[in-house]
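> The sequence and its predicted three-dimensional model are supplied below.
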Amino acid sequence: MKRVLVVYYSQSGDVRNALEALTAPLRAPGVEICWRQVDSVPRYSFPWRAVEFFDCMPEAVTGRPPEPAPMGLDPRERFDLVILGWQVWFLSPSLPMQAFFTAPQAEVLRGTRVISVICCRQMWQRAYGGMRRLVARAGGVLTDNVVLTHQGGSSAGYLTAPWLMITGRREKLAFLPAAGVSSGELQGLERFGQRLRETADLWAEPRPAPLLADLAPAKVPTASLLPETAIAPLMVALARIARLCGGPGSVLRKPVALLFVLTLVVTLPVLLVTSAVLTPVLGRVFAGRLTRYLRGTQALDPQDGCR
Ligand SMILES: Cc1cc2nc3c(=O)[nH]c(=O)nc-3n(C[C@H](O)[C@H](O)[C@H](O)COP(=O)(O)O)c2cc1C
C-alpha cells in the first residue's frame, strides 16, 4: 500500500480542482490518498475586501504568516509521497501555506518526496524560490513543480484576477476570458497523475530524480519575467516599510498600502508595454542565459531537502 498525502489551501477552488484532476489516476487499489486542507488563524475571507487584500501583502512578502489552524494530522505519520497544492500571493507562497510550515505537522515532509502544484495568475518565479526554501527547511525532497496559470494573456489576468478576488465570480466578462484556471488546463493534469501512478516504485528511491520533467509541467511566461523582476524589489521595500508602521490592520500602514496600489496602477501598464516590446529583443540577446535560467527553475537544487 502506497500512502499519498495531499496538503493544500484553496480559496476560489482553483487549487482544489487542480489537485482533484491530478490525483484522479492515483485513485486505484494499492494507493491511499489522505487530503488535508491547511488554514490560518485568523482566516482570510473569500471574496476579499480590498483593504484586507492589500493589507496582507507585507506579511506575505516578508514571510510572517499568522498562526496555523489545527489540521488533524499526526506529525509522526509517514507517507510515500506528498503533493503540495498552493497559490501565489504577492510573488510569495500564500500566507496559509506559509503558516503550515510553522506547524509541527510540517514534520510529515521530512525525508519524503514532494510534488509542488501551483495555481497563480502568471508570476510564480519568486514564490517558487520561497517554497523551495520552506520545503528544504522542513526536510522534504522537492523534485517536481506543476504550474497552472490563469486563462487569457498576461494583460487579461490583471483585470480578471482582481474581479475574481473581490466578487468571487469567474464567468466571462465582455471581451475578457473567464477568470482563473481553464477547464482545459485542468483536464491536462491527468498526465501527471498517470505518470505518478506508473512510477510509484520510484517515489521513495534514495536519490530521487524528477518524475514529471519531460511532461512540460510548468510554462514560464517569458513576458511576465521582466515585470516580475522589476516589481519584486519594489514590493519587498514597501513591505518592509509597512511592517515598520505596524502589524496587520494597523491604521499607520494604510498610507503605505495606498502607495503600493498607486505603484501597481502606474507601473504595471508601463511594464507590460515595455515587456511586450523588449521581451522578444532581450530573448534573442540573452537566449542562452534565459534557457539556463528557465531550466534552473525546474532543476532540483542540490541543497534542497537533504535526506
Ligand atoms: C492576496 C492575493 C495575492 C495574489 N498575488 C498573486 C501574484 O503575485 N502572482 C500571481 O500570479 N497570482 C497572484 N494571485 C492570484 C492567485 O495565485 C490565483 O488566483 C490562484 O489561482 C488562487 O487559487 P485558489 O483560488 O485555489 O486559492 C493572488 C491572489 C491573492 C488572493
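Great, that's in hand.

> Torsion angles phi and psi at Val82?
Torsion angles at Val82 (phi, psi; degrees, to the nearest 10) stand at phi -120, psi 130.

> What is the burial count for it?
Residues near Val82, counting by other Cβ atoms under 10 Å, number 25. Every residue, glycine included, has its C-beta placed from N, CA and C.

> And stretch 1-10, what's buried?
2-10 (16 or more other Cβ atoms under 10 Å).

> what sits up against it?
Stretch 1-10 is contacted from outside by 15-16, 19, 23, 26, 30-39, 73, 77-87, 94, 96-97, 100, 108, 117, 200, 203, using Cβ atoms under 8 Å, 6 or more residues apart in numbering.

> Buried subset of those residues as a PyMOL selection?
To isolate the buried ones among the contacts of stretch 1-10 in PyMOL, judged by 16+ other Cβ under 10 Å, type:
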select buried, resi 15+16+19+23+26+31+33+38+39+73+79+80+81+82+83+84+85+86+87+94+96+97+100+108+117+200+203
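
> Just the ones of the contacts of stretch 1-10 in strands?
Of the positions in these, 31-37, 81-87, 117 sit in strands, assigned by DSSP state E.

> and of those residues, the nearest to Ala161?
Ala161 has its nearest neighbour among the ones in strands among the contacts of stretch 1-10 in Gln87, at 10.9 Å by Cβ to Cβ.

> quick one on the thing from earlier: so which of the buried residues of stretch 1-10 would you say is closest to Gln122?
Among the buried residues of stretch 1-10, Ser10 lies closest to Gln122 (Cβ to Cβ), at 18.2 Å.

> out of the ones in strands among the contacts of stretch 1-10, which touch the ligand?
Residues of those in contact with the ligand (Cβ under 6 Å from any ligand atom): Gln87.

> How many residues are close by the nearest residue to Arg240 once chain neighbours are set aside?
Excluding the flanking residues, the one nearest Arg240 by Cβ to Cβ, 6 or more residues apart in numbering is Thr62, at 6.6 Å. Neighbourhood size, Thr62 [other Cβ under 10 Å]: 13.
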